[in-house]
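>>> Predicted model, plus sequence, below.
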Amino acid sequence: MSRALGLVDDVEDGIPGDAAARAEGVSKIYGTGGGMVKALDNVTLSIPRGGFTGIMGPSGSGKSTLMHCLAGLDQVDQGKIYVGDVELTGLREKDLTRLRRDRIGFIFQSFNLIPTLTALENITLPMDIAGRKPDKEWLDTVIDTVRLRDRLHHRPSELSGGQQQRVACARALASRPDVIFADEPTGNLDSSSGTEVLSFLKESVRITGQTIVMVTHDPTAAGYTDNVIFLTDGQLVDRMKDPTPAKVLERMKNFEPPAPAAQAGTPQQGAGR
Ligand SMILES: Nc1ncnc2c1ncn2[C@@H]1O[C@H](COP(=O)(O)OP(=O)(O)OP(=O)(O)O)[C@@H](O)[C@H]1O
């Protein structure tokens with residue numbers, strides 16, 4: 001039934017039961033009255049543990065809202081969110097803050113590094129704040145994975161955009177969170193730096209089993225993931241396993257709004273004259 005409506009049910013899609021994060025019947029509304037926007041509309045989905053999941057959809061389809069709700073950065077109006085087996089919805093702010101700090105990593109489009117700290121200090125900052133000692137061996141692995149060893153004592157202003165984003169990725173990976181949420185991580189990078197960042201995000205999933213969720217507009221970036229969730233108008237409308245850029249681009253055509261002329265339903269003036 002849900003297929004006929006173009007909606008996708010997680011169970012039907014065969015996503016394994018071991019989920020790093022889950023949304024169950026989640027709705028999120030912004031504003032009231034005439035200005036009300038249903039940013040998420042009854043979304044149920046699982047993020048497979050140890051996978052690289054892309055979230056795609058047209059502008060305004062709810063991608064960032066979904067990511068923020070899954071990460072406990074924003075509250076839902078209806079439904080439940082789980083990270084592992086912990087229900088986020090209903091946690092007190094203090095517990096939510098601790099859970100985000102201990103179990104969730106973030107990578108943003110703007111790198112959000114502290115300018116006065118070195119690359120290494122930025123990488124270990126979340127653990128320093130949490131009073132946790134970094135696992136030296138793991139930190140070495142992360143630093144080598146992102147190829148930053150010769151830049152560790154540089155400040156962000158002395159690094160290229162690609163290197164700064166690699167520091168932000170290392171910061172997210174260093175504490176081995178249950179799940180890393182990346183919001184357009186290559187949006188501010190040139191294509192070769194973007195390719196580098198995507199390559200080692202994929203590598204860290206393959207080699208270390210890190211779970212990563214990435215919001216992206218870019219079918220090429222989605223091609224690095226191993227499954228893609230498609231949103232339209234706040235609803236989960238499709239999932240794709242083992243995506244390629246060409247397959248994603250083709251699928252996206254189904255979800256983009258029609259061109260203005262077609263939308264207005266008016267035949268083109270002068271056509272056929
Ligand atoms: N704080 C807010 N207040 C009011 N409306 C909001 C707010 N945040 C998002 N929205 C609305 O919710 C809907 C979903 O927004 P969201 O940013 O999640 O979409 P998106 O798919 O990430 O878009 P984009 O690709 O353009 O970044 C949009 O209609 C947006 O205008």
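Structure's in. What do you need? This is a predicted model, so every value here is computed, not measured.
>>> What residue in the stretch 101-250 of the chain comes nearest to the ligand?
Going by Cβ to the nearest ligand atom, the ligand is nearest to His217 of the stretch 101-250 of the chain, at 6.1 Å. Every residue, glycine included, has its C-beta placed from N, CA and C.
>>> and the stretch 1-150 of the chain, which residues reach the ligand?
Proximity of the stretch 1-150 of the chain to the ligand, by Cβ under 6 Å from any ligand atom, involves residues Tyr30, Gly31, Val37, Ala39, Gly57, Ser59, Gly60, Ser61, Gly62, Lys63, Ser64, Thr65.
>>> For the second one, give me the pLDDT.
The per-residue pLDDT reported for Gly31 equals 92.
>>> Same check on the fifth one?
Reading off the per-residue confidence, Gly57 sits at a pLDDT of 93.
>>> so it makes contact with Phe230?
Yes. The criterion here is Cβ atoms under 8 Å, and Gly57 meets it with Phe230 at 5.7 Å.
>>> Quickly list what's touching both of the two.
Val237, Phe255 (Cβ atoms under 8 Å, 6 or more residues apart in numbering).
>>> one step back: could you flag which of the residues of the stretch 1-150 of the chain next to the ligand are buried?
Burial by neighbour count, judged by 16 or more other Cβ atoms under 10 Å, picks out Ala39, Gly57, Ser61, Gly62, Lys63, Ser64, Thr65 from those.
>>> in what helix or strand does the first one lie?
Going back to what we said before, that points to Ala39. strand 37-48 (DSSP states H and E).
>>> For that strand, the averaged confidence score.
96.
>>> Quick check: beta-bridge partners of the nearest residue to Ala19 once chain neighbours are set aside?
In space, and not counting its chain neighbours, Ala19 is closest to Ser46: 3.9 Å by Cβ to Cβ, 6 or more residues apart in numbering. On the basis of DSSP bridges, Ser46 is bridged to Arg22.
>>> Would you check how far apart Ser46 and the ligand are?
20 Å (Cβ to the nearest ligand atom, to the nearest Å).
>>> One more: Leu91?
Distance from Leu91 to the ligand, by Cβ to the nearest ligand atom: 21 Å.
>>> Let me know the helix or strand that the closest residue to Gly187 other than its chain neighbours is in.
Counting by Cβ to Cβ, 6+ apart, the nearest residue to Gly187 once its immediate chain neighbours are dropped is Gln109, at 4.0 Å. Applying DSSP H and E as the criterion places Gln109 outside every helix and strand.
>>> contacting residues for Gln109?
Asp183, Glu184, Pro185, Gly187, Asn188.
>>> Compare those residues and tell me which is most surrounded.
Highest neighbour count within these: Pro185, with 27 neighbours (other Cβ atoms under 10 Å).
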